[in-house]
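Give me coordinates for this.
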Amino acid sequence: MHVHFIAIGGSVMHQLAIALKRKGYFVSGSDDEIFEPAKSNLEKENILPSETGWFPEKITKNIDAVILGMHAKDDNSELQKAKELGLKIYSFPEYIYQGSKDKIRVAVGGSHGKTSTTAMIMHVLKNAEKKFDYLVGARLHGFEQSVNITDAPIIICEADEYPASVIEKRPKFHFLFPHIAVITGIAWDHINVFPTFDFYLEQFKIFINKIEANGVLIYNESDEILKKLVDENKRSDIRYEPYRLPTYFIEDGKTEVIIEGEKSAPLKVFGNHNLLNLHAAYLVCRELGVGAQVFIKAIADFAGAAKRLELLSKKNSCNIYRDFAHAPSKVKATIEAVKQQFPERKLIAVLELHTYSSLNENFMKEYNGAMNDADEAVVFYSSHALELKRMPELPKEKVKQGFAKDNLLVINKKEDLEQFLQKEDYSNSNLLLMSSGNYDGLDILKQVIGK
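Take a look at the predicted model:
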């Protein structure tokens with residue numbers, strides 16, 4: 001089996017390439033730029049392209065399947081050659097489905113919590129010694145890859161609502177056809193793809209309708225938007241498993257949870273959003289034959305996914321956390337989690353606006369109240385990020401209006417953020433760093449720990 005990857009350097013694409021190579025496939029690929037860690041990972045497996053760029057001569061009739069990454073444009077020369085030859089061209093999720101038709105498919109969707117919920121399921125199944133394949137959008141402790149494709153009878157998929165490829169603009173999660181589906185919540189995002197909330201909402205309705213007959217939908221009934229969507233679009237041929245916050249206790253900055261009468265040891269993760277994710281993960285594991293006792297024992301040592309309330313450092317009376325949060329619902333949930341866990345500590349929250357939505361002046365109102373629980377709140381964005389996305393300037397006053405927090409500090413120069421961090425008092429406090437970017441290259445840990 002010869003599989004060729006157009007845009008092999010993508011964070012998930014290169015992981016699939018490695019998984020298929022290890023399965024015994026012949027793998028080739030191209031890309032016009034490949035960054036770390038993808039470059040080293042591909043090189044280690046001897047499938048790193050010898051040079052960057054697009055080479056239509058690589059595309060021959062002997063290729064069994066072409067997998068097209070989101071990075072590739074519709075005028076890509078390799079894509080055009082594949083079309084001319086009539087080759088089978090798949091987006092990432094389409095190919096995953098083709099390879100998992102005989103498996104029990106689990107798809108975890110939602111505007112937030114997808115990665116953490118998927119990671120929890122994977123962690124528990126591994127501890128329960130269940131064989132399964134997976135794809136998840138983050139590095140996880142205990143898993144060498146973020147994609148694994150074998151002959152296992154189950155596949156666990158993080159189900160993204162972003163478009164599948166340049167020639168298949170429908171959301172990725174429309175192509176997985178799960179037997180067990182999860183929706184963690186709905187909050188409008190990706191306005192460059194879904195220009196209205198109603199259009200965004202429609203994608204989740206379609207996802208529900210893609211669940212296999214006799215399947216199950218596990219959904220967060222405490223999310224009013226999601227609950228309304230489910231109630232208005234009931235199917236008679238699937239089951240519904242609603243979930244809410246489980247019973248839990250917080251003592252000395254540690255959280256314990258009770259599931260079906262089974263009490264956990266202190267968890268390594270915290271926050272209502274993570275407890276909701278945990279409950280969803282349990283219901284999935286139960287569907288797969290893992291009981292409450294096994295689940296509770298395993299979940300206690302789940303350390304979380306990378307950049308999801310990840311503890312970067314502890315210094316005296318200050319913890320420093322990093323989180324991928326950038327959408328309004330994620331920012332609000334993450335700030336609330338840290339404040340609830342450490343109510344006696346000052347919370348310093350630094351959010352970088354980096355995505356297309358978060359840098360859009362018209363989207364600012366969606367952040368109203370998102371940082372209210374932070375004692376000191378900073379919003380940072382760089383002109384470099386705006387230039388890369390070819391977006392107009394974002395006035396500071398529009399950001400302040402959108403967040404509607406009186407003492408919000410808005411910074412758009414790296415030097416000013418560096419100065420703020422160096423002058424800050426971190427005694428009896430927590431520093432929460434929220435970004436899908438890198439603060440314009442600023443080494444924040446050095447600024448704080450180096451004090």
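
Next up, the contacts around residue 210.
By CB atoms under 8 Å, 6 or more residues apart in numbering, the contact list for residue 210 reads 173-174, 176-178. Bear in mind the C-beta positions are built from the backbone N, C-alpha and C, glycine included.

Max pairwise distance over those residues: which two?
174 and 178 (10.9 Å; CB to CB).

higher neighbour count, these two?
For residue 174 versus residue 178, neighbours defined as other CB atoms under 10 Å are more numerous around residue 178 (26 against 20).

Does that one touch residue 209 like I think?
No. Look at residue 178 against residue 209 with CB atoms under 8 Å: they stay out of range, at 11.7 Å.

what sits in contact with each of these two?
Going by CB under 8 Å, 6+ apart, no residue sits against residue 178 while also sitting against residue 209.

Tell me where the model's unsure across this structure.
449-451 (pLDDT under 70).

Nearest residue to the middle of it?
residue 115 (4.5 Å; CA atoms, centre = their mean).

Determine the three-state secondary structure at that residue.
Per DSSP: H, G, I helix; E, B strand; the rest coil, the secondary structure class of residue 115 is helix.

Residue 42 touches residue 21, doesn't it?
No. Applying CB under 8 Å, one finds residue 42 not in contact with residue 21, separated by 9.3 Å.

more neighbours, these two?
Applying other CB under 10 Å to residue 42 and residue 21 shows that residue 42 carries more neighbours, namely 24 against 16.

Just the element for that one, please.
For residue 42, the element it lies in under DSSP states H and E is helix 38-44.

now the end-to-end length of stretch 397-412.
Its start and end residues considered, stretch 397-412 measures 12 Å (CA to CA, to the nearest Å).

That one: how far from the chain's middle?
Centroid separation between stretch 397-412 and its chain, computed with CA atoms, centre = their mean, to the nearest Å, is 26 Å.

Could you list the buried residues of that stretch?
By neighbour count on 16 or more other CB atoms under 10 Å, the buried set for stretch 397-412 is 399-400, 402-403, 405, 408-412.

What of stretch 17-37?
In stretch 17-37, counting by 16+ other CB under 10 Å, buried: 17-21, 27-31, 34.

can the residues you listed go into TSV with extra columns for secondary structure?
Below are the buried residues of stretch 17-37 laid out as TSV (three-state DSSP):
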residue	secondary structure
17	helix
18	helix
19	helix
20	helix
21	helix
27	strand
28	strand
29	strand
30	strand
31	strand
34	coil
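
Out of those, which is nearest to residue 294?
Relative to residue 294, the closest of those is residue 19; by CB to CB it sits at 27.0 Å.

That closest one and residue 25: what is the separation?
Using CB to CB, to the nearest Å, residue 19 is found at 9 Å from residue 25.

My read is that residue 119 contacts residue 304, right?
Yes. Using CB under 8 Å, residue 119 is in contact with residue 304, at 7.3 Å.

more neighbours, these two?
Under the neighbour definition other CB under 10 Å, residue 119 and residue 304 were set side by side, and residue 119 has more, 32 against 23.

Report the secondary structure state of the more buried one.
What three-state DSSP gives for residue 119 is helix.

what's residue 169 in contact with, if anything?
Residue 169 makes contact with residue 163 under the criterion CB under 8 Å, 6+ apart.

And residue 154, its phi and psi?
Dihedral pair for residue 154: phi -130, psi 150, per degrees, to the nearest 10.

Skipping adjacent residues, who's closest to it in space?
residue 132 (4.0 Å; CB to CB, 6 or more residues apart in numbering).

repeat for residue 25
residue 1 (4.7 Å).
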